[in-house]
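Peer 1: Next input, structure requested:
(one chain, ligands or ions: 1)
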Amino acid sequence: MFFDPMYFMFVGPAILFTIWAQIKVKGAFSHYEKIGASTHLTGKDVALKILEESNIRDVKVEEVQGWFSDHYDSQAKVLRLSPKVYRNSSIASVGVAAHEVGHAIQHAEGYAPLMFRQIIAPAAMLGSNMAMILIFLGAMISAFGLIKLGIIGFALAVIFQLITVPVELDASRRAKKLLDTHAIIPQKDLQGVTVVLNAAAYTYLAAALAAVMQLLYFLFRFGFFGSKRN
Ligand SMILES: [Zn+2]
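Peer 2: Numbering: from 1, shown residues only. Okay, here's the model as predicted:
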């Protein structure tokens, strides 16, 4: 149970992909945070400008501490940008700010995958918190029902990770389009934005893949694929 080489067969490649994606996104961001966008607008300016031009007037833009802590809070209707994004006018800052506005627009439009993700979020959170405890406990006392319940909880978290991928890709697609149509940055800067946002997309893909492989491992380990081994 505790040292199963099969675990690394299933999850190992996804972990390597995750590490690669993290290195890639950090590299892309640190490269493009040194290159200023020619319009000299900060991430905050860009966010406010796109929100205004998109006719979204009830979303606030705030600064939040932390590294890569940028996010859109749909409940509070606040777009929170990390200091580097909020204050700087680099290509990386502008790209991340536009991506987060992309989420605000998804919310305003009722974009289906985002709505679905919000609906399953509480169950997915509970599932991911309880899954390991239930599976571990179930395996300890040989209670198959507990293991099953844990796997169902984990599956909910996996669905959340999977639906995150289209939500993120769509926010990035919107970001590039918005920056272009509102003429916020010129075409040559847009290439850098694409590099940064694509790199970020790989981290979501990697997280989803790792979650799926972990689920497949549980299904395999506890005999859901036919041959039960214990
Ligand atoms: Zn996002």
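
Peer 1: Next, Phe68: phi, psi?
Peer 2: Backbone torsions for Phe68, taken as degrees, to the nearest 10, come to phi 60, psi 40.

Peer 1: what sits against the closest residue to it other than its chain neighbours?
Peer 2: Sequence neighbours aside, Ser82 is the residue nearest to Phe68 in space, at 6.6 Å (criterion: Cβ to Cβ, 6 or more residues apart in numbering). C-beta: built from backbone N, CA, C; applies to glycine. Going by Cβ atoms under 8 Å, 6 or more residues apart in numbering, Ser82 touches Glu63, Val64, Gln65, Gly66, Trp67, Phe68, Ser69, Asp70, Val96.

Peer 1: how about a cut-off of 10 Å?
Peer 2: 43, 63-71, 88, 93, 96-97 (Cβ atoms under 10 Å, 6 or more residues apart in numbering).

Peer 1: And the pLDDT at it?
Peer 2: Ser82 carries a pLDDT value of 97.

Peer 1: Next: Met1.
Peer 2: 52.

Peer 1: For the chain, which helix extends over the most residues?
Peer 2: helix 144-181 (DSSP state H).

Peer 1: So which elements touch that helix?
Peer 2: Counting contacts by 3 or more Cβ pairs under 10 Å, 6 or more residues apart in numbering; DSSP states H and E, helix 144-181 is packed against helix 43-53, helix 91-109, helix 112-140, helix 187-221.

Peer 1: Need the phi and psi values for Glu63.
Peer 2: When quoted as degrees, to the nearest 10, the phi and psi of Glu63 stand at phi -90, psi 140.

Peer 1: ok, it to Ala97 distance?
Peer 2: Separation of Glu63 from Ala97 (Cβ to Cβ, to the nearest Å): 11 Å.

Peer 1: could the contacts of Ser82 be laid out in CSV, adding neighbour count and distance to Tyr111?
Peer 2: Shown next, in CSV, are the contacts of Ser82 (neighbours: other Cβ atoms under 10 Å; distance: Cβ to Cβ, whole Å):
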residue, neighbour count, distance to Tyr111
Gly43, 31, 22
Glu63, 14, 26
Val64, 16, 23
Gln65, 8, 28
Gly66, 10, 26
Trp67, 10, 27
Phe68, 15, 23
Ser69, 13, 23
Asp70, 23, 19
His71, 15, 16
Asn88, 20, 28
Ser93, 30, 24
Val96, 30, 19
Ala97, 32, 19
